[in-house]
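J.: Sequence plus the predicted model coming up.
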Amino acid sequence: MDGERRGRRQCVLGAAVFAVCMAGTTLPTPLYGLYQEKFGFSELVVTVVYAVYAFGVIGVLLLAGNASDAVGRRPVLLWGLGFSAASAVCFLCATAMGWLYAGRLLSGLSAGLFTGAATVYVMELAPPGGASRATFVATAANMGGLGCGPLLAGILAEYAPAPLYLPFVVHLALVAASAAVLLGLPETVRDRRPLSTVRPQRPGVPPGVRAVFGPAATAAFVGFALFGVFTSVSPAFLAESLDVHNRAVSGLVVALAFFASTAGQLAVGRVGVGRSLPLGCAGLLAGLALLAGALWWELLALVVASAVVGGTGQGLAFRGALSAVAAASPADRRAAVISTLFVVAYAGISVPVIGVGLLVGPMGLEGAGLVFIACMAALVVAAAVYLLRRPVVPAEA
């Protein structure tokens, strides 16, 4: 019993460290408007600054995504916390745009190291028989942490002094506490190897997996693109079009999307992995439609509804996509295929968001948003039609 209790405690502590790191990646979201006032840059620059994060994540996933299998979980996670702290320092020292780019890149490197290693670490810390629950704990830590970042920053920026400094000071304190917690947790990799043995992961999709991978990757791309738009330009839309200047409200709206994603992933256990992918596509389409209504009629209620419905759809679709692709992949290629899925997903955070930024100048924020929604809706509909014709029925996870 003591061993089981200790395993649960270690699993929760590992998840808390995971959440702190991921919170740092979304911390600047409600603060971009203040940085725009300080440095005088356009909405396009906001989207590029945000997209730099995704490029950092993709780079780490490709070059060192499997490093923790060789050198151990704790060293990789400590490096991730180090990058997270360095990112916060860049934002604290920001006197020009270069600091913001550096901060976002370091944040992406941190998230790239944590995404795979922390997920596996939380599962390995769980007591025997607790793998299923630990999987959800890891997912909740990931998405919950992403949601807590803008919520924390928004509240501090609105109701506390030094809005461009205090959120990052608080995050540095949390990172320091997380490092102390991590040093007290056990290493779960027994046969460790030197860092020199780590080789870049080569993305690839075997021919037999492509029929499943296509719709799954499309849904993942759209879901992450929706998150990308929410976390990069929704605060500007709330301020400019809806006259909502309360940063705590802006942070809460963004946080709702991530919290809803956690709920959507939890719901997969009830609806089943086989149905979660098409249901997730339906949720994404409904979320996009609500966002279009919010842009057209300029209603805050529809923005909130879009965050909740779209976030739930993203959670359903992404966990369904991950399970379907993993089940369809041969064991010796599974890691490479899943890495490819993550690369496609994080491309969804960066490429469409930059497109929105490019269109804001000639079309305005609402027009650019509607073009984005039309493109993403077309992708979701194509994936949904394909799934109706050729349903994916993976092994239940």
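T.: Ah, there it is. Residues are numbered from 1 along each chain as shown.
J.: Run through this protein and note the low-pLDDT ranges.
T.: Within the chain, the stretches with pLDDT under 70 are 1, 131, 331-332, 335, 392-397.
J.: Could you name the helices and strands sitting against the lengthiest helix in it?
T.: Counting residues, the longest helix in the chain under DSSP state H turns out to be helix 334-389. Applying 3 or more CB pairs under 8 Å, 6 or more residues apart in numbering; DSSP states H and E, one finds that helix 334-389 contacts helix 43-64, helix 210-232, helix 234-240, helix 273-297, helix 300-328. (C-beta placed from N, C-alpha, C; glycine too.)
J.: tilt between the fourth one and helix 210-232?
T.: The reference is to helix 273-297. 40 degrees (axes from the mean of the first three to the mean of the last three CA atoms, to 10 degrees).
J.: tell me which residues of helix 273-297 are tucked away?
T.: Residues of helix 273-297 classed as buried by neighbour count (16 or more other CB atoms under 10 Å): 273-281, 283-295.
J.: again with the first one
T.: For helix 43-64, a neighbour-count test (16+ other CB under 10 Å) marks 43-62, 64 as buried.
J.: Where do the helices of the stretch 101-250 of the chain begin and end?
T.: In the stretch 101-250 of the chain, the helices defined using DSSP state H, counting those that start in this stretch lie at 131-159, 166-183, 210-232, 234-240, 247-271.
J.: from those, which stretch is densest packed?
T.: Most buried of the helices of the stretch 101-250 of the chain, by mean neighbour count (mean count of other CB atoms under 10 Å): helix 210-232, with a mean of 25.
J.: which strands and helices sit next to that one?
T.: Helices and strands touching helix 210-232, by 3+ CB pairs under 8 Å, 6+ apart, are helix 43-64, helix 247-271, helix 273-297, helix 300-328, helix 334-389.
J.: rewinding a little: wait, which of the helices and strands packed on helix 334-389 is closest to L81?
T.: With CB to CB as the measure, helix 43-64 is the member of these nearest L81 (14.1 Å).
J.: how many neighbours does the residue nearest to G184 when sequence neighbours are not counted have?
T.: Once flanking residues are discounted, G184 sits nearest to L13: 7.9 Å by CB to CB, 6 or more residues apart in numbering. If you count neighbours by other CB atoms under 10 Å, L13 ends up with 17.
J.: Check which helix or strand L13 maps to.
T.: Assigned by DSSP states H and E, L13 falls within helix 2-26.
J.: Send me the helix or strand following that helix as PDB with only the CA atoms.
T.: Note on helix 2-26: by DSSP H and E, the next helix or strand toward the C-terminus is helix 32-39. In PDB, the C-alpha atoms belonging to helix 32-39 read as follows (Å, rounded to 0.1, in the frame of the first residue of the first chain):
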ATOM      1  CA  TYR A  32       1.000  40.700 -26.600                       C
ATOM      2  CA  GLY A  33      -1.200  43.900 -26.700                       C
ATOM      3  CA  LEU A  34       1.100  45.500 -24.200                       C
ATOM      4  CA  TYR A  35       4.200  44.500 -26.100                       C
ATOM      5  CA  GLN A  36       2.600  46.000 -29.300                       C
ATOM      6  CA  GLU A  37       2.100  49.300 -27.400                       C
ATOM      7  CA  LYS A  38       5.700  49.200 -26.200                       C
ATOM      8  CA  PHE A  39       7.400  48.200 -29.400                       C
END
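J.: buried set for helix 32-39?
T.: Buried residues in helix 32-39, counted by 16+ other CB under 10 Å: Y32, G33, Y35, Q36.
J.: Let's have those in CSV, adding distance to G315.
T.: Converted to CSV, these look like this (distance: CB to CB, whole Å):
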residue, distance to G315
Y32, 25
G33, 28
Y35, 30
Q36, 31
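J.: Quick check: the farthest pair among those residues?
T.: Pairwise distances among the buried residues of helix 32-39 were taken by CB to CB; the largest, 7.3 Å, belongs to G33 and Y35.
J.: re earlier: looking at the helices and strands packed on helix 334-389, spot the one closest to R199.
T.: Closest approach to R199 among the helices and strands packed on helix 334-389 (CB to CB): helix 43-64, 9.2 Å.
J.: neighbouring contacts of the next helix or strand after the closest one?
T.: Per DSSP H and E, the first helix or strand lying C-terminal to helix 43-64 is helix 67-71. With contacts defined as CB atoms under 8 Å, 6 or more residues apart in numbering, helix 67-71 is touched by 75-77, 113, 116-117, 120-121, 189, 192-195, 197-198.
J.: Buried members of these into PyMOL, please.
T.: Buried members of those, defined by 16+ other CB under 10 Å, are picked up in PyMOL with:
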select buried, resi 75+76+77+113+116+117+121+189+198
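J.: Now do the contacts for the closest residue to L113 other than its chain neighbours.
T.: Distances taken as CB to CB, 6+ apart place G80 nearest to L113, at 3.7 Å, with adjacent residues excluded. Residues counted as contacts of G80 (CB under 8 Å, 6+ apart) are C21, L109, S110, A111, L113, F114, A117, A118.
J.: Pretty sure the second one sits against G56.
T.: Yes - the pair L109 / G56 is scored as a contact, 4.8 Å apart, by CB atoms under 8 Å.
J.: tell me, what's touching these two both at once?
T.: In contact with both L109 and G56: no residue, using CB under 8 Å, 6+ apart.
J.: and the two most separated of the contacts of G80?
T.: Greatest spatial distance in the contacts of G80: L109 and A118, 14.0 Å, computed using CB to CB.
J.: For these two, work out which one has more neighbours and name it.
T.: Using other CB under 10 Å, the more surrounded residue of L109 and A118 is A118, with 28 against 23.
J.: roughly how far apart are that one and A141?
T.: 7 Å (CB to CB, to the nearest Å).
J.: And for V222?
T.: 24 Å.
J.: One more: G251?
T.: For G251, the distance to A141 equals 19 Å [CB to CB].
J.: Equivalent analysis for I58, please.
T.: Applying CB to CB, the value for I58 to A141 is 21 Å.
J.: got it, and R104?
T.: According to CB to CB, R104 and A141 sit 22 Å apart.
J.: How about I338?
T.: Plainly put, I338 is 19 Å away from A141 if you go by CB to CB.
J.: ok now stretch 40-60, how far from the chain's centre?
T.: 14 Å (CA atoms, centre = their mean, to the nearest Å).
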